[in-house]
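Colleague: the sequence isn't on hand, but the structure is:
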């Protein structure tokens, strides 16, 4: 049984694609056969983050319109054995995504034995974003600790509750997870940023992780390596914790409190 | 000179969209043109009282009718008062057939709105500006178990006709999120989870929020000046009672912020001590003794 997980946020630039890449990689590293689909038709960049942009021949829209088979379009990831990327089209517009077409692609992935399918949603609340969440079993709501991001996440949660197939069928609802990204404990301490508790207080969705703000994410993106692969970085550790919690393991939140440098460290520059 | 748009571009010449029109439901209790003429002139005088308003004839309360109903005379009469009759609704099979023969279709009214066995015609859909923003799907009598509905979703639950004359209280027990809107038509609204910024809760009666109220709350949406808004944690963007509203551009005043609060209309305008602004809205901290 394939689990379909949408990574969404409403707002742009909060870390959806970074999260999709790392989350999919993390599941694949645990041995699950995983596919990650870029729904951002027209503005694709999952392939860049995954470092497979030069290997894109066919894309999601080609598959939906029958111009290519799923096997032709799926790109095997260079880091993980079990991970495949289905890129978005750069040239077509979002109207090319039809509900029937997306449903067929997801069904075909199930027949191919994929255990997890990660849908990387575009920003906004229009067709691409709705298509990405329509068939979701679970949703990761990526939120930055600032009010506009929280507001947009709230909006997308409402849409998830209205437009997803699960909501419309009236059965078990989509399981929601809150992921706070670009978190800076120091700025929270200084009162410049919402704390993850504030975010959760407003959104009221169980928290699956807090990813610290880090320059290593930018470096990783530029190199085409998902952040979860950066050895010994806090970001990679935090994403691994997210995978652990997603799989039901117990992992306390890390990297959320700010420790002031001690007097010694301040005097001698540590 | 005709201009062929289709050749110029890809503009679709025909496009379909669902829509909701304000239509008057007119309950007739007699189908005798003479009786109706005299009743009509008593109500509306002579000449066009209405302004080409659309109307359907609700025939659920017709007591007696002649063998041959003179539909054309009835239509003529209503037209003279400025009504455009679209068809009939809620009629028995005899009347439906007779009306159909005269070219009056039988229409299914979305939420069945006959006048209570008493006064003059009612508007089928309120045209209160506060209600204009309410999606058509919500303009139905809310049954107590109707889930909150965002403007994006068509409501599936069929309204229970028996609730129309005795509207229940609408109870919502999950968070209302930015962009979601709930309207308790004709009754009170009780919310047991947070109303987030950007969400809107509306009731014809009172609104109770037993959680943070961070969005917009409009009580007495159809003019009930006795309506109140009660919340355990006040942090609203806007509150309104019977159309008199207040926004909080500078945030909720510190002494009210996150407090249990009651909002109601005052008899006299209240002058805010801090800003000097006059308002008829009275916002007080609820004290439980």
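Modeller: Structure's in. What do you need? None of these values were measured; they are calculated from a predicted model.

Colleague: out of everything not next to it in sequence, what's closest to the residue of the stretch 51-200 of chain B found nearest chain A?
Modeller: Closest residue of the stretch 51-200 of chain B to chain A, Cβ to the nearest Cβ: residue B:177 (3.7 Å). Every C-beta, even on glycine, is put in place using the N, C-alpha and C of the backbone. Leaving aside its sequence neighbours, residue B:177 sits nearest to residue A:158 (Cβ to Cβ, 6 or more residues apart in numbering or on different chains; 3.7 Å).

Colleague: what's the local residue count around the residue of the stretch 51-200 of chain B closest to chain A?
Modeller: 29 (other Cβ atoms under 10 Å in any protein chain shown).

Colleague: need the contact list for it.
Modeller: Counting by Cβ atoms under 8 Å, 6 or more residues apart in numbering or on different chains, residue B:177 touches A:154, A:155, A:157, A:158, A:161, B:150, B:196, B:198, B:199.

Colleague: kindly recompute the last result at 7 Å.
Modeller: A:154, A:155, A:157, A:158, B:196, B:199 (Cβ atoms under 7 Å, 6 or more residues apart in numbering or on different chains).

Colleague: adding neighbour count, secondary structure and distance to residue B:85, write those out as a markdown table.
Modeller: Converted to a markdown table, the contacts of residue B:177 look like this (neighbours: other Cβ atoms under 10 Å in any protein chain shown; DSSP: H, G, I helix; E, B strand; the rest coil; distance: Cβ to Cβ, whole Å):
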| residue | neighbour count | secondary structure | distance to residue B:85 |
| --- | --- | --- | --- |
| A:154 | 29 | helix | 46 |
| A:155 | 23 | helix | 43 |
| A:157 | 26 | helix | 46 |
| A:158 | 27 | helix | 40 |
| B:196 | 26 | coil | 45 |
| B:199 | 27 | coil | 40 |
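
Colleague: widest-spaced pair of those residues?
Modeller: A:157 and B:199 (11.0 Å; Cβ to Cβ).

Colleague: residue A:211 and residue A:18, how far apart?
Modeller: Using Cβ to Cβ, to the nearest Å, one gets 8 Å for the distance from residue A:211 to residue A:18.

Colleague: what does residue B:46 give?
Modeller: From residue B:46 to residue A:18 the distance is 74 Å (Cβ to Cβ).

Colleague: residue B:41 too?
Modeller: 74 Å.

Colleague: who has more neighbours, the two?
Modeller: Neighbour count, other Cβ under 10 Å: between residue B:41 and residue A:18, residue A:18 has more, with 26 against 15.

Colleague: and the pLDDT at that one?
Modeller: pLDDT recorded at residue A:18 is 95.

Colleague: please name every helix or strand in contact with the helix or strand that contains it.
Modeller: In the assignment (DSSP states H and E), residue A:18 maps to helix A:16-29. Secondary-structure packing of helix A:16-29 (3 or more Cβ pairs under 7 Å, 6 or more residues apart in numbering or on different chains; DSSP states H and E): strand A:3-8, strand A:34-38, helix A:46-49, strand A:83-86, strand A:116-120, strand A:138-143, helix A:234-246.

Colleague: now the angle from that helix to strand A:116-120?
Modeller: For helix A:16-29 against strand A:116-120, the angle by axes from the mean of the first three to the mean of the last three Cα atoms, to 10 degrees is 170 degrees.

Colleague: and for helix A:16-29, what's in contact with it?
Modeller: Applying Cβ under 7 Å, 6+ apart, the set of residues contacting helix A:16-29 is A:7-9, A:34, A:36, A:45-46, A:49-50, A:79-80, A:82-83, A:116, A:118, A:120-121, A:140, A:142, A:179, A:181, A:217, A:221, A:226-229, A:239-240, A:242-243.

Colleague: just stretch A:242-258 next, same as before
Modeller: Against stretch A:242-258 from outside (Cβ under 7 Å, 6+ apart): A:23, A:26-27, A:30, A:179, A:183, A:185-186, A:189, A:196, A:208-210, A:212, A:234, A:237-238, A:241.

Colleague: ChimeraX command to pick out the buried ones of those residues?
Modeller: Burial among the contacts of stretch A:242-258 is assessed by 16 or more other Cβ atoms under 10 Å in any protein chain shown; the matching ChimeraX selection reads:
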select /A:23,26,27,30,179,183,185,196,208,209,210,212,237,238,241
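
Colleague: turn the contacts of residue B:177 into a markdown table, including distance to residue A:107 and pLDDT.
Modeller: As requested, the contacts of residue B:177 are exported to a markdown table (distance: Cβ to Cβ, whole Å; pLDDT from 0 to 100):
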| residue | distance to residue A:107 | pLDDT |
| --- | --- | --- |
| A:154 | 31 | 95 |
| A:155 | 29 | 94 |
| A:157 | 26 | 95 |
| A:158 | 27 | 93 |
| B:196 | 35 | 94 |
| B:199 | 35 | 93 |
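
Colleague: for those residues, which one is nearest residue B:243?
Modeller: Out of those, the member with the shortest distance to residue B:243 (by Cβ to Cβ) is residue B:199, at 19.8 Å.

Colleague: check the gap between the closest residue to chain B within the stretch 101-250 of chain A and residue B:238 for me.
Modeller: Closest residue of the stretch 101-250 of chain A to chain B, Cβ to the nearest Cβ: residue A:158 (3.7 Å). According to Cβ to Cβ, residue A:158 stands 19 Å off from residue B:238.

Colleague: if we can go back for a sec, so how far is residue B:176 from the residue of the stretch 101-250 of chain A closest to chain B?
Modeller: From residue A:158 to residue B:176 the distance is 8 Å (Cβ to Cβ).

Colleague: ok, now residue A:69?
Modeller: Applying Cβ to Cβ to residue A:69 and residue B:176 gives a distance of 44 Å.

Colleague: more neighbours, these two?
Modeller: In terms of neighbours (other Cβ under 10 Å), residue B:176 is the more surrounded of residue A:69 and residue B:176; the figures are 27 against 12.
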